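Undergrad: below are the sequence and a predicted model for it; my questions follow.
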Amino acid sequence: MAALPPLAREAIALARSGDFGAALELAREALGANPDDMGLQMFVGLLHTRRMELDVALPYFRAAHALAPRDAAARLELARVLIALGELDEAEAHLNAGPLPDREARKLRAGLLTSRGEFTGARDIFRQLVKDDSNDFEAWSNFGAALLTTGAATDAADALATSLQLNSQRPKVWEKWADAHRAAGTAERATEELKANIAERPGEVVLLVTLARLEDLLGRPNEAVTTLERALQLDRTHPETIVALAELSERQNQLDRFEQLIGMLEEGAPNSDKLPLLRAQLAFRRRDFDIALGLVEAAPTFVLPGTRARLIGEIEDRRQHSDRAWAAFSTMNLEDRRAFPNAAAEADAYRGALESDLDGLTPTWAETWRAVPSVAERPAFLIGFPRSGTTLLDTFLMGHEAVVVSEENPLLEGVSKKAGAVRGLARMAAPVVEELRAFYFELADQYIPGRAGRLLLDKLPFALIAGPYIHRLFAGAPIIFVERHPCDVVLSCFFTRFHPAGPAAHFLDLEQTARLYDTMMRYWSRCRQLLPLNVHSVRYERLVADAPRELRAVADFLGLEWSDKLSEHHVSAHTRGFIRTPSYAQVIEPVYSRSVARWTRYRDQLQPVLPILAPWIAAFGYES
């Protein structure tokens, strides 16, 4: 534009000072008087993108491009917003429409490939970009994100660290750096590095927020809360601190605190891209389902699309709108498959290894089992395929003063890694068994301090495949197996958002979920056939229908005197703090039966996997 209108000059000055709201108001007024000013159209669009209002910004960029079709800047910004909004074909057409500045065009093409799930191609472009300019911190962060999606977690952490060395004030890059260290198995080391940095720079809030994320990823959410409260004392308007603390408060079932933090975010960062989904989550937790649906549907589709889809699915399921719920949960899993493109291969590899172990569980193997001296202290074990009701049962049991629950801590996992392959357990020598027992209790003391004098209940759903290890270390130990209608279990796993690693990598796909269920149940059944396991079965449907009756049988099995506190599920749920499973929100509710036979509302969608599940429906005596 030849000469800037006075209002436009004022708007630019306001934007430079950080007052984007006032700048936008003046810029719109200037645009109203000068609708054919391409620069003003661009400026208003950019102000809206700064406020994460991409769908509002799009018409302004379209108008700017229409006014100056050959202007490279207008075409680049239009393509950028189209990619963010998922309009990929149109974005590609603009990128191909004529010459563009090479480096910016390559960045956008890489972003386009990323949005299409073509992560290898995006990675290669970003690799060349950082090679051409090693000081481009944005390219380094995108390169790191692309490396992470292609499974190169260690390299991703290094690339993200380089980006942060160039520009450390980017919370989302710190978040991705923490995720990369978790995936690489180096989160503990990264935590120590961060603590050293914080000691040198105690006022940098972004470092504290990142430390809290690592602590949470490492299974220490209480420490994460403490760290975030420390960050909040330094800056009570820091949006990333408030969001992280709000999310932890919701997971801790502290809904009043959750609501208070949302209020703080509304006041300090009203344009936060996380705010609409947090409001919707609060309404859902308050059971205002219609209000929650309106809020989540109004949230931008490009901000946390998987989270948005999950929440829509949960709301629609509670509203009995099964088709809509299924569509939303399918979208959630599609988004996560795109974000974790190696999940399917990881699931196949995991199940293949399990099938190989299963082939080795033969009568001959069992006949060679070498007896070893028993041990005075034996834990009890609570197992069952995920979403079978193990968290509900452990919440009941932790009400007993003589019981301490280890909730999904890697006690058996640590022992199994140290013990080696399952085929070697049968003839394991007594000194080795003693060493493994000692290691198990070392882990127990680490994760459950103060457990002395109480029965340790080791709850781990995937310990369905740990029967041989349990029998090797603690022959005769009580094992509680929770069973539930297989269709309800598989449906619930498909509807629940797990971190897709290890066996949970199966849950992004319905058929994969059903096949994992089948493989694990065959493994569990074979163990019960070959080994004298001490098992008591609890049926989820009976537990929710008549909890005291089912719990009395469990208490007898565990050798516990009856305590009325066993049936005070709501008290235990509210006092236990963080619940380390996706069912944290459900277990604080009064015992309900709405999840019994829920699968029948989704019978049509489950048809493809019913042949896989049919043998187990019959084996457990359920109706199909």
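TA: That came through, no problem.
Undergrad: now S595, nearest residue through space, not along the chain?
TA: Distance criterion C-beta to C-beta, 6 or more residues apart in numbering; nearest residue to S595, sequence neighbours excluded, is D488 at 6.7 Å. All C-beta spots, glycine's among them, are computed from the backbone N, C-alpha and C.
Undergrad: please enumerate residues in contact with the helix or strand where that neighbour lies?
TA: If you go by DSSP states H and E, D488 is part of helix 486-495. Here helix 486-495 makes contact (C-beta atoms under 8 Å, 6 or more residues apart in numbering) with 313, 317, 325, 329, 333, 385-388, 506-507, 510, 513-514, 517, 521, 540, 595-599, 602, 606, 609-610, 613, 616-617, 620, 622.
Undergrad: can you do 6 Å?
TA: With C-beta atoms under 6 Å, 6 or more residues apart in numbering as the test, helix 486-495 has contacts from 329, 385-388, 507, 510, 513-514, 517, 598-599, 602, 606, 613, 616-617.
Undergrad: do stretch 24-34 as well
TA: 5, 7-8, 10-11, 40, 43-44, 47.
Undergrad: got it, and stretch 225-241?
TA: 171, 205, 208-209, 211-212, 244-245, 248, 268-269, 272.
Undergrad: also stretch 599-609?
TA: Residues external to stretch 599-609 that are found in contact with it (C-beta under 6 Å, 6+ apart): 322, 326, 487-488, 491, 510-511, 514.
Undergrad: and these, which two are furthest apart?
TA: Maximum pairwise distance in these, criterion C-beta to C-beta, is 19.5 Å, between S322 and E511.
Undergrad: so those two - more neighbours on which side?
TA: More crowded of S322 and E511, by other C-beta atoms under 10 Å: S322, with 17 against 13.
Undergrad: which pLDDT value belongs to A402?
TA: A402 carries a pLDDT value of 92.
Undergrad: again, but for the one 3 residues further on
TA: With respect to pLDDT, V405 scores 93.
Undergrad: wait, it sits on L457?
TA: Yes. The pair V405 / L457 is scored as a contact, 4.8 Å apart, by C-beta atoms under 6 Å.
Undergrad: pLDDT averaged over stretch 440-454 - what is it?
TA: Computed over stretch 440-454, the mean pLDDT rounds to 90.
Undergrad: what about that stretch, start to end distance?
TA: Distance across stretch 440-454, first residue to last, is 16 Å (C-alpha to C-alpha, to the nearest Å).
Undergrad: need the residues that contact it.
TA: 402, 404, 406, 409, 411, 414-415.
Undergrad: now that stretch, how far from the centre of its chain.
TA: 27 Å (C-alpha atoms, centre = their mean, to the nearest Å).
Undergrad: what are the buried residues along it?
TA: For stretch 440-454, a neighbour-count test (16 or more other C-beta atoms under 10 Å) marks 440-441, 443-444, 447-448, 451 as buried.
Undergrad: still on that earlier bit, of the contacts of stretch 24-34, which belong to helices?
TA: Among the contacts of stretch 24-34, DSSP state H puts 7-8, 10-11, 40, 43-44, 47 in helices.
Undergrad: and the lowest mean pLDDT element among the helices and strands of this protein?
TA: Least confident helix or strand of the chain, by mean pLDDT, DSSP states H and E, is helix 569-575 with a mean of 55.
Undergrad: what about the residue most central in space within the chain, distance to D336?
TA: Geometric centre of the chain, nearest residue: H499, 4.4 Å, by C-alpha atoms, centre = their mean. H499 is 9 Å from D336, where distance means C-beta to C-beta, to the nearest Å.
Undergrad: swap in L148?
TA: 14 Å.
Undergrad: more crowded one of these two?
TA: For L148 versus D336, neighbours defined as other C-beta under 10 Å are more numerous around L148 (26 against 21).
Undergrad: got the confidence number for that one?
TA: For L148, the pLDDT comes out at 94.
Undergrad: returning to what we had before: rebuild the contacts of stretch 599-609 as CSV, extending it with pLDDT and distance to H536.
TA: Output for the contacts of stretch 599-609, formatted as CSV (pLDDT from 0 to 100; distance: C-beta to C-beta, whole Å):
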residue, pLDDT, distance to H536
S322, 97, 34
W326, 98, 35
C487, 98, 24
D488, 97, 21
L491, 97, 26
L510, 98, 31
E511, 98, 32
A514, 98, 26
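Undergrad: show me the contacts for A212.
TA: Per C-beta under 6 Å, 6+ apart, neighbours of A212: 224, 227-228, 244.
Undergrad: now intersect the residues you listed with the helices, please.
TA: The helices, defined by DSSP H, take in 224, 227-228, 244 from the contacts of A212.
Undergrad: any idea which of the residues you listed has the most stuff around it?
TA: Highest neighbour count within these: L228, with 30 neighbours (other C-beta under 10 Å).
Undergrad: look up how far K176 lies from that one.
TA: Taking C-beta to C-beta, one finds L228 at 18 Å from K176.
Undergrad: check N197 too.
TA: 17 Å.
Undergrad: what about the strands in the protein?
TA: 380-383, 403-407, 455-459, 478-483, 534-539 (DSSP state E).
Undergrad: rank the ones you listed by mean pLDDT and give me the bottom one.
TA: Among the strands of the chain, strand 403-407 carries the lowest mean pLDDT, at a mean of 92.
Undergrad: that strand: partners in the sheet, and parallel or antiparallel?
TA: Here strand 403-407 is paired, per DSSP bridges, with strand 455-459 (parallel).
Undergrad: okay, angle between the strand it pairs with and strand 478-483 too, please.
TA: 30 degrees (axes from the mean of the first three to the mean of the last three C-alpha atoms, to 10 degrees).
Undergrad: got the CA positions of strand 455-459 in PDB?
TA: Backbone C-alpha positions of strand 455-459 (Å, rounded to 0.1, in the frame of the first residue of the first chain) are rendered in PDB as follows:
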ATOM      1  CA  LEU A 455      -0.500 -57.300  52.500                       C
ATOM      2  CA  LEU A 456       1.000 -56.000  49.300                       C
ATOM      3  CA  LEU A 457      -1.600 -56.100  46.400                       C
ATOM      4  CA  ASP A 458       0.300 -55.800  43.100                       C
ATOM      5  CA  LYS A 459      -2.200 -54.500  40.600                       C
END
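Undergrad: that strand: how far from the chain's middle?
TA: With C-alpha atoms, centre = their mean, you get 25 Å for strand 455-459.
Undergrad: what lies in contact with that strand?
TA: Here strand 455-459 has contacts from 379-382, 390, 394, 397, 402-407, 411, using C-beta under 6 Å, 6+ apart.
Undergrad: what's the local residue count around R80?
TA: R80 has 22 nearby residues by other C-beta under 10 Å.
Undergrad: measure stretch 464-483 end to end?
TA: 11 Å.
Undergrad: surely V422 and G467 touch.
TA: No. Contact between V422 and G467 fails when scored by C-beta under 6 Å: they sit 9.3 Å apart.
Undergrad: neighbour count winner among the two?
TA: The neighbour comparison of V422 against G467 (other C-beta under 10 Å) goes to G467, with 25 against 22.
Undergrad: mind listing what that one touches?
TA: By C-beta under 6 Å, 6+ apart, the neighbours of G467 are 527, 533.
Undergrad: all further residue positions should be reported with the first residue as 11.
TA: Shifting the count to begin at 11 puts that one at G477.
Undergrad: for A376, see how far away it is.
TA: Per C-beta to C-beta, G477 is found 12 Å from A376.
Undergrad: now do R80
TA: Using C-beta to C-beta, one obtains 78 Å as the distance from R80 to A376.
Undergrad: please identify which of those two sits among more neighbours.
TA: A376 (17 against 10).
Undergrad: I'd like the strands of the chain written out as a markdown table, with mean neighbour count added.
TA: Below are the strands of the chain laid out as a markdown table (neighbours: other C-beta atoms under 10 Å):
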| stretch | mean neighbour count |
| --- | --- |
| strand 390-393 | 25 |
| strand 413-417 | 22 |
| strand 465-469 | 23 |
| strand 488-493 | 22 |
| strand 544-549 | 17 |
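Undergrad: and of those, who's closest to A169?
TA: Across these, closest to A169 is strand 413-417 (C-beta to C-beta), at 35.1 Å.
Undergrad: what's in contact with the closest one?
TA: By C-beta under 6 Å, 6+ apart, the residues outside strand 413-417 that reach it are 404, 407-408, 458, 461, 464-469, 590.
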